[in-house]
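>>> here's my sequence, what's the structure:
(one chain, ligands or ions: 1)
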Amino acid sequence: MKKIRAKYAGTCRRCKKAVEVGEQVYWATGKGVQHVECHDAKQPADLKALNDRTRGEFDDFELVPEDGTVWLWGYGTYKRGSVLAGQHRQARLDSFDSLEEARAAYPSVKVRDDGTVNMHASHYISLPDVPPSDFDPMDAGEEW
Ligand SMILES: [Zn+2]
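You can find the predicted model right below:
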């Protein structure tokens, strides 16, 4: 999420209220805008610290136990200006020896406990036959 001044009137994705032109908002490609207050108010301290540390490059985080190590994964989309702009991105951000430690450090991050590895990633990388509802060929400049 990037802090900008709204160029267009819109709707906050958190509180569903109006966003006025010129208002300070957080914005991300494909995610829309949200009021600064809404963004800050509902963000737990551990997530806020994580977003600060990663400069808002990830939209989602997950704790994943793998072979005795618990990894903190970050998921997001490469930003405009990157050669990989728009592509799914994921990275290991931290590791712990136990789930207890990981939970203590990141109480707000969900834990994957179904024993699978990288389901999240493959979900993004493999394209379904039908485009998602928000896919717009005019916007993407390419066809599905
Ligand atoms: Zn709002």
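
>>> got the buried residues for stretch 91-99?
L93, D94, F96 (16 or more other CB atoms under 10 Å). C-betas here are computed from N, CA, C, even on glycine.

>>> the ion contacts on this protein?
Along the chain, the residues adjacent to the ion under the rule CB under 5 Å from the ion are C12, R14, C15, H35, C38.

>>> which of those residues sits closest to K110?
Nearest to K110, judged by CB to CB, of the residues of the chain next to the ion is R14 at 18.5 Å.

>>> wait, a strand at F61?
Yes. Per DSSP: H, G, I helix; E, B strand; the rest coil, F61 lies within a strand segment.

>>> what residues are up against the residue positioned nearest the centre of the chain?
Against the mean C-alpha coordinate of the chain, by CA atoms, centre = their mean, the closest residue is D59 at 0.8 Å. Listed by CB atoms under 8 Å, 6 or more residues apart in numbering, the contact partners of D59 are M1, A28, K31, Y75, G76, T77.

>>> list the contacts of A6.
V19, E20, V21, G22, E23, Q24, V25, W27, V33.

>>> go again using 7 Å as the cut-off
Counting by CB atoms under 7 Å, 6 or more residues apart in numbering, A6 touches V19, E20, V21, G22, E23, V25, V33.

>>> a markdown table for the residues you listed, including pLDDT, distance to V109 and neighbour count?
Shown next, in a markdown table, are the contacts of A6 (pLDDT from 0 to 100; distance: CB to CB, whole Å; neighbours: other CB atoms under 10 Å):
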| residue | pLDDT | distance to V109 | neighbour count |
| --- | --- | --- | --- |
| V19 | 95 | 28 | 22 |
| E20 | 95 | 33 | 10 |
| V21 | 95 | 35 | 10 |
| G22 | 95 | 34 | 10 |
| E23 | 94 | 30 | 16 |
| V25 | 94 | 25 | 24 |
| V33 | 92 | 24 | 23 |
